[in-house]
Structure formats: C-alpha cells, structure tokens
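A.B. asks: dropping the sequence and predicted coords here.
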Amino acid sequence: MRRNPIILTSLLAFSGAFAVACSGGSAAGGGATEVKVKLSEFKYEGMPAQLKAGQAYKFVLTNAGTVEHEFSVVKRGNKDHGGALAAVEAKELQPGKSVTKEFTFNQKGDFEVACHVPAHYEAGMKMAITIS
C-alpha cells in the first residue's frame with residue numbers, strides 16, 4: 001500500500017497542534033509553552049491554574065488596566081514577592097504595555113500569582129495555582 005506523504009505530514013502537524021491546544025498553551029520556540037495573561041483591575045485572565053514543574057513557559061503579559069501591576073509567582077499567602085519563583089515588576093507592566101518572559105518552575109506545590117503593588121493584593125489581585 002502506498003502512502004501519500006502530504007496527507008501523512010498534515011496528520012502529524014494536526015496531532016501536534018491538537019496536543020498543544022489541549023495543554024492550555026501553545027508551543028513556542030525552544031519547546032516553551034506560550035501562555036498569554038491579561039492583567040487588569042484586579043485580576044489575571046488566561047492564567048492556567050495548573051503548571052508542570054520542569055516545563056518552560058513563555059509568558060506574554062499584557063497590562064490591560066489603567067494602573068501598573070505586577071506578576072509574581074509566590075507561595076500561597078505570601079504578602080510580598082520575596083522568594084518569588086518568577087517576578088515581573090510594576091515598572092515593566094505599566095498600563096497598556098506588554099512584556100514577554102520565560103520561566104521554568106522547578107518547585108512543586110501550591111502557589112499563587114499575585115500583584116504586590118500597594119493595595120492590589122488586598123483588593124483580590126491574586127490567583128491560586130498548583131505546580132505539579
């Protein structure tokens with residue numbers, strides 16, 4: 001039986017795209033999974049609740065709000081970004097700005113994404129995540 005190489009190539013490409021779509025992100029260059037997160041008053045949209053330890057993630061962070069925000073991955077309940085596994089400071093996330101950063105999380109456990117600009121954390125700008 002003769003196989004059509006175009007059909008076989010198309011099926012392989014589709015299966016790869018399907019696997020990425022089911023993972024909650026898209027494959028970026030270098031094997032990183034791209035995650036697009038929109039920050040606004042006072043929430044994170046598009047941030048997955050589950051991440052995999054050892055997996056490279058390429059975060060595309062966009063501040064869609066009217067004030068500066070931060071992006072920190074810290075132990076749950078940590079009121080500042082000391083000891084953060086990942087952090088993007090407010091000076092990089094001014095209103096209307098986007099920044100792209102790559103992070104690989106090597107610790108497993110319960111964490112949160114949080115904004116530590118004064119009063120933002122207290123206003124609820126945090127989201128529980130698990131790294132497994």
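C.D. replies: Received, thanks.
A.B. asks: now do the strands in the protein.
C.D. replies: 26-27, 33-40, 43-45, 50-51, 56-63, 71-75, 86-88, 98-104, 109-114, 126-131 (DSSP state E).
A.B. asks: now do the same contact list for His120.
C.D. replies: For His120, the contact set (Cβ atoms under 8 Å, 6 or more residues apart in numbering) comprises Phe42, His69, Glu70. All C-beta spots, glycine's among them, are computed from the backbone N, C-alpha and C.
A.B. asks: next, the second one: phi, psi?
C.D. replies: Okay, so that is His69. Backbone geometry at His69, expressed as degrees, to the nearest 10, gives phi -140, psi 170.
A.B. asks: what sits closest to it if chain neighbours are left out?
C.D. replies: Leaving aside its chain neighbours, His69 sits nearest to Leu39 (4.4 Å; criterion: Cβ to Cβ, 6 or more residues apart in numbering).
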